[in-house]
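# Coordinates for the following, if possible.
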Amino acid sequence: MAELPQETLDQIRAHLLEGKLKAIKLYREATDSSLIESKEQIEKLSEELEKSHPRQMADNKPIGCAGILLLAVAGAGLVAKSGIGF
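Next up, the predicted model:
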């Protein structure tokens, strides 16, 4: 990773907790790197953070469409099982 001021690196890490897009954008602006290079560097940093702060990173991962679908199906099953009708 390019040498970055600590403040910028802290901002990138904070953005990683929200999602990678903002982190990539900030990295690109700070280093004038290409999109591909920025994405690769942010992926590496994300992997490092997942190893050093697994709980923080896991708490901020989106569950995605499959996770939402699974919750909806489970919820529908509970409603059907309990006899609550609409």
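# This structure: helices as residue ranges?
According to DSSP state H, the chain carries its helices in the segments 6-18, 20-31, 35-52, 54-59, 64-82.
# Poorly predicted segments of this protein, please.
1, 55-71, 75-86 (pLDDT under 70).
# change it to 90
Applying pLDDT under 90 to the chain flags residues 1-5, 13-19, 46, 48-86.
# Excluding covalently adjacent residues, which one is nearest to Q11?
Residue nearest to Q11 in three dimensions, not counting chain neighbours: L26, with 6.0 Å by Cβ to Cβ, 6 or more residues apart in numbering. Just so you know, the C-beta spots here come from the backbone N, C-alpha and C atoms, and that holds for glycine as well.
# cool, and R28?
S38 (4.4 Å).
# how many other residues sit next to K25?
K25 is flanked by 15 other residues according to other Cβ atoms under 10 Å.
# Ok, S38 next?
Using other Cβ under 10 Å, S38 has 22 neighbouring residues.
# I figured it hits Y27, correct?
Yes. Assessed by Cβ atoms under 8 Å, S38 is found in contact with Y27 at 4.6 Å.
# End to end on stretch 16-35, go ahead and measure it.
Stretch 16-35 has an end-to-end distance of 16 Å (Cα to Cα, to the nearest Å).
# Mind listing what's buried along that stretch?
Residues of stretch 16-35 classed as buried: 16, 20, 22-24, 26-28, 30-31, 33 (neighbour count, 16 or more other Cβ atoms under 10 Å).
# Closest one to V73 out of those, please.
For the buried residues of stretch 16-35, the minimum distance to V73 (Cβ to Cβ) is 28.5 Å, reached by K20.
# mind checking how far the closest one is from A72?
Plainly put, K20 is 26 Å away from A72 if you go by Cβ to Cβ, to the nearest Å.
# Repeat that for H53.
Per Cβ to Cβ, H53 is found 31 Å from A72.
# Who has more neighbours out of the two?
H53 (14 against 10).
# What about the more buried one? Give its phi and psi, please.
Note on H53: backbone dihedrals following degrees, to the nearest 10 are phi -140, psi 60.
# Hmm, S46 is touching L16, no?
Yes. Between S46 and L16 there is a contact at 5.7 Å, judged by Cβ under 8 Å.
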